[in-house]
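Undergrad: got a predicted structure here, sequence first:
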There are 2 protein chains.
Amino acid sequence: MENNDEKFMMKAIEQAKIAFCMDEVPVGCVIVKNGEIIAQAYNSVETDNNATMHAELKAINQATKVIGNFRLDDCTMYVTLEPCVMCTGALIYSRIPKVVFGAFDKKRGACGSLLSLNDYEGLNHKIEVKSIMEKECVELLQSFFRGIREKNRNK
Amino acid sequence: MENNDEKFMMKAIEQAKIAFCMDEVPVGCVIVKNGEIIAQAYNSVETDNNATMHAELKAINQATKVIGNFRLDDCTMYVTLEPCVMCTGALIYSRIPKVVFGAFDKKRGACGSLLSLNDYEGLNHKIEVKSIMEKECVELLQSFFRGIREKNRNK
């Protein structure tokens, strides 16, 4: 039986698939409060031509408007890829208590892979972090980058 | 004689003073390309009730629109306070080559104080960093926090 974490990660994957169809690196996320999705977003860096348009930052901006407060207490973010330093910083300042991610990001992940912002006492907020459904999220990313390589080979 | 760095930092301080007058932590910044200011912004986290509304992130979004590209090559950011992890992440992804800041931020600064994102090879972009006019920028911050303490004492 599917648990709630998996149900919400499936919703994040749906967002990632929208990015995939737009030729964006497939990363998607949702923010959940009291069992309800209050924000959902996908990576649109290329489409918006803006390096800050990561799924997480967009979802935080949405959730902030929905709640009417910059403190996203009692919220959980589900995101298909481990958040980077920019997004983990935004999660810390938004006081999000929990992040559930899919794939680890060895190159840029700031929730334990490249570095762990949780280790810095000065930042004054700890995020509970766990990874689920890694396989599904990694496969989506691999499929995207395989497509890019094939396109480049056929040029 | 005032040099260009000082001239642009004075403009960043003007932005910080707008934040000050709005009861926001006084941080301001400008982004300069070819000797012209293409973006300017101040911290508005409280006013906008949004933890991502740091001066730097707002200015990057503006500059991106002005240039029509997420790569802010040949740009310099002048900011009154050392950028945090979120903003330094955004600076890295925007490929900004140079940041000139005023005050060091021992608690949250990601350009050398709390940590240095330049030290992480995986992030694939190095930012030239220097500090000028520290005294002026620190005084503005101290004056703000002194005011907060006095208000709290008189409550």
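TA: Looks like it arrived, so ask away.
Undergrad: how about stretch A:142-152: buried residues?
TA: By 16 or more other Cβ atoms under 10 Å in any protein chain shown, the buried positions in stretch A:142-152 come out as A:F144. The way it works is simple: take the backbone N, C-alpha and C, and place the C-beta from them, glycine included.
Undergrad: so what touches it?
TA: Taking Cβ atoms under 8 Å, 6 or more residues apart in numbering or on different chains as the criterion, the residues outside stretch A:142-152 that touch it are A:F20, A:V25, A:P26.
Undergrad: quick check: the second one vs B:G112, distance?
TA: It refers to A:V25. Look at A:V25 and B:G112: by Cβ to Cβ, to the nearest Å, they are 30 Å apart.
Undergrad: so between those two, which is more surrounded?
TA: The residue with more neighbours, out of A:V25 and B:G112 and counting by other Cβ atoms under 10 Å in any protein chain shown, is A:V25; that gives 20 against 17.
Undergrad: backbone dihedrals for the more buried one, please?
TA: Backbone torsions for A:V25, taken as degrees, to the nearest 10, come to phi -50, psi 120.
Undergrad: ok, it - contacts?
TA: Residues A:A19, A:N43, A:V45, A:L141, A:F144 are the ones in contact with A:V25 under the rule Cβ under 8 Å, 6+ apart.
Undergrad: report how many residues lie close to the residue nearest to A:S44 when sequence neighbours are not counted.
TA: Nearest residue to A:S44 in three dimensions, chain neighbours excluded: A:M53, at 4.7 Å (Cβ to Cβ, 6 or more residues apart in numbering or on different chains). A:M53: 21 surrounding residues under other Cβ under 10 Å.
Undergrad: SS state for A:M53?
TA: Using DSSP: H, G, I helix; E, B strand; the rest coil, the three-state assignment for A:M53 comes out as coil.
Undergrad: which residues sit in contact with the spatially most central residue of chain A?
TA: Compute the mean C-alpha point of chain A, and by Cα atoms, centre = their mean the closest residue is A:V79, 3.2 Å away. Applying Cβ under 8 Å, 6+ apart, we find A:V79 in contact with A:A12, A:V27, A:G28, A:C29, A:A55, A:E56, A:V99, A:V100, A:F101, A:G102.
Undergrad: what strand or helix carries the last one?
TA: Assigning secondary structure by DSSP states H and E places A:G102 in strand A:98-103.
Undergrad: and the next helix or strand after that strand, how far out from the chain's middle?
TA: The element immediately downstream of strand A:98-103 (helix or strand, assigned by DSSP H and E) is strand A:128-131. Strand A:128-131 has its C-alpha centroid displaced from the chain centroid by 12 Å (Cα atoms, centre = their mean, to the nearest Å).
Undergrad: mind checking what helix or strand follows strand A:128-131 in sequence?
TA: Of the helices and strands lying after strand A:128-131 in sequence (DSSP H and E), the nearest is helix A:134-153.
Undergrad: quick check: mean pLDDT of that following helix?
TA: Per-residue pLDDT values over helix A:134-153 give a mean of 94.
Undergrad: again with stretch A:38-51
TA: For stretch A:38-51, the per-residue pLDDT averages 96.
Undergrad: can you classify the nearest residue to A:H54 once chain neighbours are set aside as helix, strand or coil?
TA: Nearest residue to A:H54 in three dimensions, chain neighbours excluded: A:C87, at 5.3 Å (Cβ to Cβ, 6+ apart). Counting by three-state DSSP, the backbone at A:C87 sits in helix.
Undergrad: okay, now the unreliable bits of chain A?
TA: Residues of chain A that meet the criterion pLDDT under 70 lie in A:1-2.
Undergrad: and it, which residues reach chain B?
TA: For chain A, the residues found near chain B under the criterion Cβ under 8 Å from any Cβ of the partner chain are A:45, A:48-52, A:57, A:60-61, A:64-65, A:68-71, A:84-90, A:92-95, A:106-108, A:110, A:114-115, A:117, A:120, A:122-124.
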